[in-house]
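Asks: okay, structure incoming, though there's no sequence with it:
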């Protein structure tokens, strides 16, 4: 069965991919370039995660989707042309400046359009509980509304799957480590900053580090100044 | 009050623009290039319609939005890389091959993201009754679901307006002719084919010609082989 998903190169989408492939799906991955500060680095991570599974013979296809030109008029500190990424805890109100308006909505629309074009019946999103506080387009009620909208606009052909919606970063990591093959977290990238080595200080890095710490495992990626 | 809309260069969006400006809105127009066969010509029409109002001192801004690269993997005969545009009546089943999957959904998401970025509270769509038969993303139930999804993903900031939803091509034309200033239909372009002069034979041209005929007015644009 075909499914379309967004592969960002972060922990959540890498885990989603691992789970879908383990379940036997034929997975079509959209790798988006939308002009965020960390986009260049997360795209490299996404490619590496893709290749990890591709080389093992899984049924997996990738599509590079560049929408950076339209996001040049969008306002968000996550984008290259706007202000700085704040440091500190992920749930801090300051992190709300990193919301890219309608990002998930636009990604979902593109994925659904691709799904219809290749006769896939579903798109899968890696949204989870930890995202709900800051990001309105990651909340359960939005995902439900999105599912209805996409189902109707696709003439009842495409549905929205969000298998991690009740998980948090810790349970996602746990699921990924239990996958066969284990999700290659050493290839993933989570940091929001525009630098090759993860900063370890932004909300995104902190949340990731906490998840590894909680499970008593060392995060396999490199951090500026160590962990 | 700010509103964001898509200006395609066709009759419906030109009328929507005329109505919104008459109502005193500060209108922000997205002109999309998505790789359809008629896109080059409708973009020229959209620019002309924009300039018509801009030169008269209306509060109007334009944004060129190119998403043609992502639609290269989409399947629709309306797109440059796919099959031919059928001729004949608009409601014929053959015209369903011109549906671009999720086009309105994706356009709406981009417009909503722009709306949030410029502190606009609404996006406006030119969808109408005549579109409902073939295009699932023009139907009332979809527009309602879209409104809910965008309202939630924008943190309750952006709503969807569809003031022409109960109109057809004839009542739209009537409304545009009654606008002050009258909507410049001589600058608009409706044809689906990839040629500078409208064909007069595709479903889109036929529906337009019927509307003018019904009101006893000559369509002011040129057609291949005359009207």
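Replies: Arrived safely. The structure displayed is predicted, hence computed values, not measured ones. Numbers count the residues shown, from 1 in each chain, chains lettered A, B, ... in the order given.
Asks: could you use CA atoms for every contact and neighbour count after this?
Replies: Fine.
Asks: in chain A, mark out all the helices, start to finish.
Replies: Along chain A, the segments classed as helices by DSSP state H run A:11-22, A:39-55, A:68-71, A:103-117, A:140-153, A:169-178, A:203-214.
Asks: out of the ones you listed, flag the one nearest residue B:172.
Replies: The minimum distance between residue B:172 and the helices of chain A falls on helix A:140-153, with 23.3 Å, by CA to CA.
Asks: circling back: tell me which of the helices of chain A is the most buried.
Replies: Highest mean neighbour count among the helices of chain A (mean count of other CA atoms under 10 Å in any protein chain shown): helix A:103-117, with a mean of 25.
Asks: give me the distance from that one to the chain's centre.
Replies: 14 Å (CA atoms, centre = their mean, to the nearest Å).
Asks: that one and chain B in contact?
Replies: Yes: judged by CA under 8 Å from any CA of the partner chain, helix A:103-117 comes into contact with chain B through A:103, A:105, A:106, A:109, A:110, A:112, A:113, A:114, A:116, A:117.
Asks: ok, residue A:140 touching residue A:165?
Replies: Yes: under the criterion of CA atoms under 8 Å, residue A:140 makes contact with residue A:165 at 7.1 Å.
Asks: now for the closest residue to residue A:32 other than its chain neighbours: which residues touch it?
Replies: The spatial neighbour of residue A:32 that comes closest, neighbours along the chain excluded (CA to CA, 6 or more residues apart in numbering or on different chains), is residue A:65 at 4.7 Å. For residue A:65, the contacting residues are A:30, A:31, A:32, A:33, B:69, B:70, by CA atoms under 8 Å, 6 or more residues apart in numbering or on different chains.
Asks: what residues does chain A have near chain B?
Replies: Checking chain A against chain B by CA under 8 Å from any CA, the hits are A:65-67, A:69-70, A:73-76, A:100-103, A:105-106, A:109-110, A:112-114, A:116-118, A:136-138, A:141-142, A:145-146, A:148-150, A:152-155.
Asks: do that again at 7 Å, thanks
Replies: With CA under 7 Å from any CA of the partner chain as the criterion, chain A meets chain B at residues A:65-67, A:70, A:73-75, A:101-102, A:105-106, A:109-110, A:112-114, A:116-117, A:136-137, A:142, A:145-146, A:148-149, A:152-155.
Asks: dump the residue contacts of the residue of chain A positioned farthest from its centre.
Replies: Most distant from the centre of chain A: residue A:155, at 26.7 Å, with distances by CA atoms, centre = their mean. Neighbour list for residue A:155: residue B:136 [criterion: CA atoms under 7 Å, 6 or more residues apart in numbering or on different chains].
Asks: same deal with residue A:59?
Replies: Applying CA under 7 Å, 6+ apart, we find residue A:59 in contact with A:26, A:27.
Asks: for it, give me phi and psi.
Replies: With angles defined as degrees, to the nearest 10, residue A:59 sits at phi -80, psi 100.
Asks: ok, it to residue A:29 distance?
Replies: Here the distance between residue A:59 and residue A:29 works out to 11 Å (CA to CA, to the nearest Å).
Asks: same check on residue A:184?
Replies: According to CA to CA, residue A:184 stands 16 Å off from residue A:29.
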